[in-house]
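[1] Fold the following and give me the result.
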Amino acid sequence: MANADDIAIEPPLSRNAGVTPAVEDRSYLGFIAAALGAALGGGFLMAVWMPLAATGTVTGQDRVPWLIQAHGWVQVQGWAGLFVAGMAVRLMPRFAGRPPVRRNVTVPLLVLLGVPVALRMTLQPWADGALAEATALTIGGLSATGAAGVAAILTWTLARGRKAREPWRYFAWAGTAWWGVLAAMLAAWGWRAARNEGLAPVAWDDVMTWVVLFGPIGNFIWSVQSRSVPIFFGRKTPTWRQAVVPGVVYNAGAALVALSLVFEGESAARLSGSGMALAGAGMVWLPVIAGSVWGQAKRLRPRAKPAARFVLAANLAAVVAGVLLVWAGSQTALDGAYAEFPARDAARHVVGIGLVTMLILGMARLVAPVFALERTESGVPKLYERAPFWLLLGALVLRGGSALLAEQVSYDARMHSAAAAGVLAWVALAVFALSVARAVRKESANKQSLEEQARAAAERRARGQ
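    Here you go, the predicted model:
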C-alpha cells in the first residue's frame with residue numbers, strides 16, 4: 001500500500017491521490033549502453049590486444065605503455081564509471097525519497113562522461129606530438145567536468161532527501177565527495193599527460209586508478225549493497241554503527257592513496273602503501289557487513305536467484321583482493337618503494353573482474369527496471385543468464401593467477417594467459433549486452449502482461465467483496 005508521501009514510478013499498479021507520480025527516466029539505459037560499448041569496443045578488447053602486442057604477436061608493441069594506460073582508464077572511467085554514474089544518478093533519488101533526475105540533466109551528463117572515454121579508446125593509444133597533447137587536455141577537461149556534474153547532482157539529491165541514519169547514505173555521501181576529488185584529479189591528469197605525449201607517469205597513473213576504484217566506484221558499490229543485498233539473503237540491513245568502522249578505515253585508506261599524488265619518491269610510496277593496506281582491510285570487512293559472502297538469496301524470485309551467484313562471487317573476490325592489498329600495501333609502506341607488483345596487479349584485476357564486473361552484471365539483473373519485468377517470467381533461468389558467470393570466473397582465475405605467478409612463469413606465457421582472460425571477459429560482456437537488448441525488446445510485452453494480471457486480480461477482489 002502506498003503512503004501519502006511516497007513517489008510512485010509509472011506505471012503504478014495502485015492509485016492514491018496523495019502519491020506523487022514520477023515518470024520513469026529511461027536515460028539510465030543510455031549509460032548502460034555507453035558502458036557496454038566502452039567495455040566491448042575498448043576496455044576488454046584492449047585487454048586482449050595489449051598483452052599480445054607486448055609479446056610481438058600482433059602490431060603495436062611500440063605503443064604498449066599507451067595501450068596499458070588507455071585500457072585501464074577505459075575500464076574504470078568507461079565500463080565501471082559510466083555504469084556506476086548512471087545507476088547512482090538513477091538509484092540515489094529513489095533511496096533518498098526524491099523525484100528522478102530529469103532527462104535534460106542526465107543526457108548532457110552522459111555526453112560529458114562518454115566523449116572522453118571515446119577519445120581514450122580511439123586516440124590516446126596512437127596519438128603523438130601535438131595531437132597527443134590536445135587529446136590529453138580534452139580528455140582531462142571533459143572528464144573533470146563530467147565528474148563534477150555527477151558530484152553536483154548527487155549532492156543536491158542527498159542534501160534534499162530524507163535524513164535516515166543508514167549506511168547506504170553515508171557511503172553515498174562518501175562516493176559523492178570522491179566524484180568531486182576525481183574531477184580535480186582528472187583535470188590534473190590531462191595537464192600532466194599533455195606534457196608527456198599523452199602518457200602519465202606509471203606510478204602516478206597506477207595510484208589514480210586505485211583512487212577511482214576505491215572512491216567513487218567502491219563507495220557506491222557498498223552503498224547499493226548495504227541497502228539491498230542483505231535483504232536478498234534474508235538478513236537485516238546493517239546499522240550505521242556496524243558499518244562505520246570498516247567504512248572509515250576503507251575511506252581513510254583511499255584518502256592516503258590520493259594524498260600520495262602530491263609527494264614523490266619514498267614519501268609517496270609509504271603513503272600509497274599505507275593507504276592500500278588500510279583500504280584492503282576495509283575491503284575484507286565490508287563484504288561481510290554490507291554485502292554477502294555466504295548463504296542463499298531466498299527472498300528472490302526463482303528466475304532472479306542466479307543473479308545472486310554474481311553477488312556472492314563479487315564479494316568473495318573483494319575479500320581476496322583486500323588480503324592481497326594488505327600484503328602488498330604493507331610491504332610498500334615498509335620498504336618506501338613500490339613493492340609486490342604481482343600482488344597489486346592481481347588485486348587490481350580481482351577487483352575489476354570480480355568485485356566490479358561481476359557485481360554490475362548481478363545487481364543490474366536485480367535492480368535495473370528493464371530486468372525487473374523480465375524476472376516476473378516463469379521458467380528456469382536461460383543459458384544466456386548463466387553463461388556470463390562461468391566466463392567471468394574463468395577470466396578472473398586466469399588474469400589473477402597469471403599476475404600472482406609472474407615470477408614462476410615466462411613473460412610470454414603470462415601475457416598469453418592475460419589475453420585469454422580478456423577473451424573470456426569480452427564474451428561474457430557480449431552475452432550480457434545481448435540479454436540487455438532482449439530485455440528492452442520484450443519490456444513492452446512484459447509490462448502489458450503485468451498490467452493485465454493486476455487488472456484481473458483487482459476484478460477478482462471486487463467480485464469477492
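[2] quick one: low-confidence ranges for the stretch 351-465 of the chain?
    Residue ranges of the stretch 351-465 of the chain with pLDDT under 70: 372-381, 445-447, 449-451, 453-454, 464-465.
[3] Tell me where it has helices.
    Using DSSP state H, counting those that start in this stretch, the helices of the stretch 351-465 of the chain run over residues 359-367, 369-374, 383-404, 411-464.
[4] Let me know the angle separating the last one from helix 383-404.
    Going by axes from the mean of the first three to the mean of the last three C-alpha atoms, to 10 degrees, helix 411-464 is angled at 150 degrees with respect to helix 383-404.
[5] quick one on the thing from earlier: which of the helices of the stretch 351-465 of the chain sits closest to Gly60?
    Gly60 sits nearest to helix 411-464 of all those, at 12.8 Å, using C-beta to C-beta. All C-beta spots, glycine's among them, are computed from the backbone N, C-alpha and C.
[6] gap between that closest one and the chain center?
    Centroid displacement of helix 411-464 relative to its chain, using C-alpha atoms, centre = their mean, to the nearest Å, is 18 Å.
[7] Could you name the helices and strands sitting against it?
    Helix 411-464 is packed against helix 28-38, helix 44-54, helix 359-367, helix 369-374, helix 383-404, with contacts defined by 3 or more C-beta pairs under 8 Å, 6 or more residues apart in numbering; DSSP states H and E.
[8] outside of the first one, which residues touch it?
    So the one you mean is helix 28-38. Outside helix 28-38, the residues within contact range by C-beta atoms under 8 Å, 6 or more residues apart in numbering are 74-75, 78-83, 85-87, 89-90, 106-107, 110, 113-114, 117, 121, 364, 368-370, 429, 432-433, 436, 440.
[9] go again using 7 Å as the cut-off
    Outside helix 28-38, the residues that touch it by C-beta atoms under 7 Å, 6 or more residues apart in numbering are 74, 78-79, 82-83, 85-87, 90, 110, 114, 117, 121, 370, 429, 433, 436, 440.
[10] With stretch 143-160 instead?
    Here stretch 143-160 makes contact (C-beta under 7 Å, 6+ apart) with 77, 85, 88-89, 92-93, 96, 98, 101, 105, 109, 112-113, 116, 172-173, 176, 179-180, 182-183, 186-187.
[11] let's see it at 6 Å
    With C-beta atoms under 6 Å, 6 or more residues apart in numbering as the test, stretch 143-160 has contacts from 85, 89, 92-93, 96, 98, 101, 109, 112-113, 116, 172-173, 176, 179-180, 182-183, 186-187.
[12] and those, which of them are in helices?
    By the criterion of DSSP state H, membership of the contacts of stretch 143-160 in helices covers 85, 89, 92-93, 96, 109, 112-113, 116, 172-173, 176, 179-180, 182-183, 186-187.
[13] just the helices of the stretch 351-465 of the chain: most buried one?
    Mean neighbour count (mean count of other C-beta atoms under 10 Å) peaks for helix 359-367 among the helices of the stretch 351-465 of the chain, with a mean of 23.
[14] For that one, which helices and strands make contact with it?
    helix 305-335 (3 or more C-beta pairs under 6 Å, 6 or more residues apart in numbering; DSSP states H and E).
[15] how about the helix it packs on: buried residues?
    305-333 (16 or more other C-beta atoms under 10 Å).
[16] okay, the angle between it and helix 359-367?
    Helix 305-335 and helix 359-367 meet at an angle of 140 degrees, taking the same axes, to 10 degrees as the criterion.
[17] Following element in sequence after helix 305-335, please.
    Sequence order places helix 341-349 as the next helix or strand after helix 305-335, per DSSP states H and E.
[18] who does that next one touch, helix- and strand-wise?
    Checked by 3+ C-beta pairs under 6 Å, 6+ apart, helix 341-349 has helix 305-335, helix 383-404 packed alongside it.
[19] Those into JSON lines, with extra columns for distance to Phe220?
    What follows is those, written out as JSON lines (distance: least, C-beta to C-beta, whole Å):
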{"stretch": "helix 305-335", "distance to Phe220": "14"}
{"stretch": "helix 383-404", "distance to Phe220": "20"}
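[20] among these, which is nearest Arg195?
    Here helix 305-335 is closest among these (C-beta to C-beta), at 26.3 Å.
[21] just checking, what packs against the closest one?
    By 3+ C-beta pairs under 6 Å, 6+ apart, helix 305-335 packs against helix 265-290, helix 341-349, helix 359-367, helix 383-404.
[22] Can you give me the buried ones in the second one?
    Spelled out, that is helix 341-349. Using 16+ other C-beta under 10 Å as the test for burial, helix 341-349 gives Pro342, Ala343, Arg344, Asp345, Ala346, Ala347, Arg348, His349.
[23] Extract the CA atoms of that helix and return them as CSV.
    C-alpha atoms of helix 341-349 as CSV (Å, rounded to 0.1, in the frame of the first residue of the first chain):
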residue,chain,number,x,y,z
PHE,A,341,53.8,-5.6,-8.0
PRO,A,342,52.4,-9.1,-8.8
ALA,A,343,50.1,-8.9,-5.7
ARG,A,344,49.0,-5.4,-6.6
ASP,A,345,48.4,-6.3,-10.2
ALA,A,346,46.4,-9.4,-9.2
ALA,A,347,44.4,-7.4,-6.7
ARG,A,348,43.6,-4.7,-9.3
HIS,A,349,42.2,-7.3,-11.7
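[24] Other residues contacting that helix?
    The contact list for helix 341-349, computed with C-beta under 6 Å, 6+ apart, reads Ala321, Leu324, Leu325, Trp327, Ala328, Arg399, Gly400, Ala403, Leu404, Ala406.
[25] what's near enough to touch the fourth one?
    Right, Trp327. Ala343.
[26] Before I go, just wanted to say thanks for your time.
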